[in-house]
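Engineer: sequence below, structure please.
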Amino acid sequence: MRTATVTAEPSTTPTAELDDFDALTQRYQRELLAHCYRMSGSVHEAEDLVQETLLRAWKASADFQGRSSVRTWLYRIATNVCLTNLEGRPRRPLPTGLGATESDVRDPLDAQPEIPWLEPIPDTAVQVEEKDTIRLAFVAALQHLPARQRAVLILRDVLRWSAAEVADALDTTSAAVNSALQRAHAQLDKQQLDADQVTSSLTDTQEQLLSEYVEAFWNKDIDRIVMLLTAEATWEMPPYTGWYHGAANIGVLIDTKCPGGHHDMPMIRTEANGQPAFGLYMRTRDGDFEPFHMQVLQLDGERVEHVSAFFGREVFARFGLPDRLPADYRD
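Structural biologist: Purely as a prediction, here's the structure:
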């Protein structure tokens, strides 16, 4: 994982920044949301955590003495708010993180909506310097870490704080911080994250790939969908616990388990977790289209390597996508 470039501080004295709390909120809210999302894996929880952070900061603003920047002070509050919130809570996984082997496409789908699944986040909701610090695979990998290790890794590797700064924020020692960071790195190494899979912009060839991907689903052209996937592609779709490996298996899954047919599944493009994403709609008996699932894609060169599909109308609402599409949407 590449480390992020730290956002420049406003050109004012730290204490003066607190004089206009509304402006301060606007300045830091989106990057604090990214921070709380990395910690929690949940968009709605992160939103609540940011609000709690800002409330605590407002109440404590009179005691702020400017020994650090306001930004650092806010991150310190946010981190401890997150740690308190995470006490006793289960991690938020994706199906590939449950520890089970790949699923057989012939088996029935097993939905487990009671599991607190990892959620995708709209790119427009957050401010990050490096896309790989918000991508789905990285946030999913963070969920394998105990909360304090998670905090240490984010503060050290993403925000680039010193061990002493992290120790001060977490009320511990630099030695303990370095030890926690080493253990966190060892765990993340097992996830085999590759920073080269995330780019700041897509090539013309990749954009063409995505256009063909949309058309393949619209036509339910299984052979074409399979061709657009890497041979070792992975497909997962919480709240279903199974995950599927290999382009051919994924083709069978879509062919046999996806209820839509020819010209039943239009898509709308969006961006999630620094990755291309699509809201896929399904034709209803009335002829129009309703939300089905949100696909977040990870590309490998000119093919799709990983698809995480998230069900629920609330996902579409979070991304600002329509609650319904007219029958003639693709005419």
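Engineer: Asp223 contacts Gly251, correct?
Structural biologist: Yes - at 7.5 Å, Asp223 and Gly251 qualify as touching, with contact defined as C-beta atoms under 8 Å. (Glycine included, C-beta is placed from N, CA and C.)
Engineer: higher neighbour count, the two?
Structural biologist: Taking neighbours as other C-beta atoms under 10 Å, Asp223 and Gly251 compare with Gly251 leading, 21 against 10.
Engineer: so who does that one touch?
Structural biologist: For Gly251, the contact set (C-beta atoms under 8 Å, 6 or more residues apart in numbering) comprises 222-223, 225-226, 229.
Engineer: now Asp123
Structural biologist: By C-beta under 8 Å, 6+ apart, the neighbours of Asp123 are 271-274.
Engineer: just the buried ones from those residues?
Structural biologist: Buried positions within the contacts of Asp123, assessed by neighbour count (16 or more other C-beta atoms under 10 Å), are 272-274.
Engineer: can you redo those as JSON lines with pLDDT?
Structural biologist: Below are the buried ones among the contacts of Asp123 laid out as JSON lines (pLDDT from 0 to 100):
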{"residue": "Ala272", "pLDDT": "98"}
{"residue": "Asn273", "pLDDT": "97"}
{"residue": "Gly274", "pLDDT": "95"}
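Engineer: show me which of those is closest to Pro326.
Structural biologist: Minimum distance to Pro326 across the buried ones among the contacts of Asp123 is 24.5 Å, recorded for Ala272 (C-beta to C-beta).
Engineer: please name the nearest non-neighbouring residue to the closest one.
Structural biologist: Nearest non-adjacent residue to Ala272, counting by C-beta to C-beta, 6 or more residues apart in numbering: Pro120, 4.2 Å away.
Engineer: so which of the contacts of Asp123 belong to strands?
Structural biologist: 271-272 (DSSP state E).
Engineer: now do stretch 116-127: distance from first to last residue.
Structural biologist: Stretch 116-127 has its terminal residues 25 Å apart, counting by C-alpha to C-alpha, to the nearest Å.
Engineer: how about it: buried residues?
Structural biologist: By neighbour count on 16+ other C-beta under 10 Å, the buried set for stretch 116-127 is 116-123, 125-127.
Engineer: could you do stretch 217-237 as well?
Structural biologist: By 16+ other C-beta under 10 Å, the buried positions in stretch 217-237 come out as 217-218, 220, 222, 225-226, 228-230, 233-237.
Engineer: tell me how far it lies from the chain's centre.
Structural biologist: 22 Å (C-alpha atoms, centre = their mean, to the nearest Å).
Engineer: what pLDDT, on average, does that stretch get?
Structural biologist: When pLDDT is averaged over stretch 217-237, the result is 98.
Engineer: mind saving the C-alpha coords of it as CSV?
Structural biologist: Taking Å, rounded to 0.1, in the frame of the first residue of the first chain, the C-alpha atoms of stretch 217-237 are listed here in CSV:
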residue,chain,number,x,y,z
PHE,A,217,-25.3,-7.6,-18.9
TRP,A,218,-28.0,-5.7,-20.8
ASN,A,219,-28.0,-8.6,-23.4
LYS,A,220,-27.3,-11.2,-20.7
ASP,A,221,-24.5,-12.4,-23.0
ILE,A,222,-22.9,-14.9,-20.7
ASP,A,223,-20.1,-15.8,-23.1
ARG,A,224,-19.2,-12.2,-23.4
ILE,A,225,-19.3,-11.6,-19.6
VAL,A,226,-17.0,-14.5,-19.1
MET,A,227,-14.6,-13.1,-21.7
LEU,A,228,-14.4,-9.8,-19.9
LEU,A,229,-13.4,-11.5,-16.7
THR,A,230,-9.9,-12.7,-15.8
ALA,A,231,-9.6,-16.5,-15.8
GLU,A,232,-9.1,-16.4,-12.0
ALA,A,233,-11.8,-13.8,-11.3
THR,A,234,-13.7,-13.7,-8.0
TRP,A,235,-17.4,-12.8,-7.4
GLU,A,236,-19.0,-12.1,-4.0
MET,A,237,-22.3,-10.6,-3.1
